[in-house]
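Undergrad: Sequence plus the predicted model coming up.
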Amino acid sequence: IAGITQAPTSQILAAGRRMTLRCTQDMRHNAMYWYRQDLGLGLRLIHYSNTAGTTGKGEVPDGYSVSRANTDDFPLTLASAVPSQTSVYFCASSDSAGNTEAFFGQGTRLTVV
Amino acid sequence: AQSVSQHNHHVILSEAASLELGCNYSYGGTVNLFWYVQYPGQHLQLLLKYFSGDPLVKGIKGFEAEFIKSKFSFNLRKPSVQWSDTAEYFCAFYSGGYQKVTFGTGTKLQVIP
């Protein structure tokens, strides 16, 4: 069982380019999340989805969009990348929104230059 | 808005020393509480969780945490740390009111052999 798979594991991206970070889970979890991890700031929630077909904004949604067309996939798109979006991005899922533990992917290290 | 405070950003201990990491949350209602650990270069993993019942919760690898509702705290403890405990520790909580999991900024623990 893979759990949560994120792709790519790392990426260097030119500013202004569009980028989609992929996240797939095989645990049939209802809730999925995208966090960014920055030194000294911990994990900050970008977007979340409590069930397929619904999404919501987290603490730092600006510049990012998500979709949840099905249970397994939760891609995160940067429409026009900026250097401040340089970060490590973690996708996570849980059986229900916060009532059970979250399982995390291995992360995507994104550098915007 | 809900928030989590972790008071210690960086802790350095010698092996066999006792550990206590502070965590306070700000929310007046019912919460689910978590401690996650992130070993160097890895993703976050659940250490322990509290939903209800006995406020003293035991987790993996000898860690425990105590929920003190009156103090809005959920401090993490371990009587004797090992070098392998070197990691970053994140406190998190979920509230039904916001339906999101909020993470603290993390505490880096360095254990010196």
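TA: Thanks, I have the structure now.
Undergrad: Go ahead and confirm residue B:4 touches residue B:106.
TA: No: using CB atoms under 8 Å, residue B:4 is not in contact with residue B:106, being 10.1 Å away. Quick note: C-beta positions are derived from backbone N, CA and C, even for glycine.
Undergrad: which residues in chain B form strands?
TA: Applying DSSP state E to chain B gives strands spanning B:3-5, B:10-14, B:19-21, B:24-26, B:31-38, B:44-50, B:56-58, B:64-68, B:73-78, B:87-95, B:100-103, B:107-112.
Undergrad: can you tell which of these is closest to residue A:94?
TA: strand B:100-103 (7.8 Å; CB to CB).
Undergrad: Tell me how far the closest one lies from the chain's centre.
TA: In terms of CA atoms, centre = their mean, to the nearest Å, the centre of strand B:100-103 is found 13 Å from the chain centre.
Undergrad: Relative to residue A:26, tell me which of the strands of chain B wins on proximity.
TA: strand B:44-50 (17.8 Å).
Undergrad: so what does the closest one touch, helix or strand wise?
TA: strand B:31-38, strand B:56-58, strand B:64-68, strand B:73-78 (3 or more CB pairs under 8 Å, 6 or more residues apart in numbering or on different chains; DSSP states H and E).
Undergrad: can you list the residues of chain B near chain A?
TA: Within reach of chain A by CB under 8 Å from any CB of the partner chain, chain B has these residues: B:6, B:9, B:32, B:34, B:42-46, B:49, B:51, B:90, B:94-96, B:99-106.
Undergrad: The residue of chain B found nearest chain A bridge partners, please.
TA: Residue of chain B nearest chain A, by CB to the nearest CB: residue B:94 (2.8 Å). Beta-bridge pairing of residue B:94 under DSSP bridges involves residue B:32, residue B:101.
Undergrad: Hmm, it is touching residue B:32, no?
TA: Yes: using CB under 8 Å, residue B:94 is in contact with residue B:32, at 4.3 Å.
Undergrad: Could you check which of those two has the larger neighbour count?
TA: Ranked by neighbour count (other CB atoms under 10 Å in any protein chain shown), residue B:94 and residue B:32 place residue B:94 first, with 26 against 18.
Undergrad: List the contacts of residue 7.
TA: Here I'm looking at chain A. Counting by CB atoms under 8 Å, 6 or more residues apart in numbering or on different chains, residue A:7 touches A:21-22, A:108.
Undergrad: let's do chain B instead
TA: B:22, B:24.
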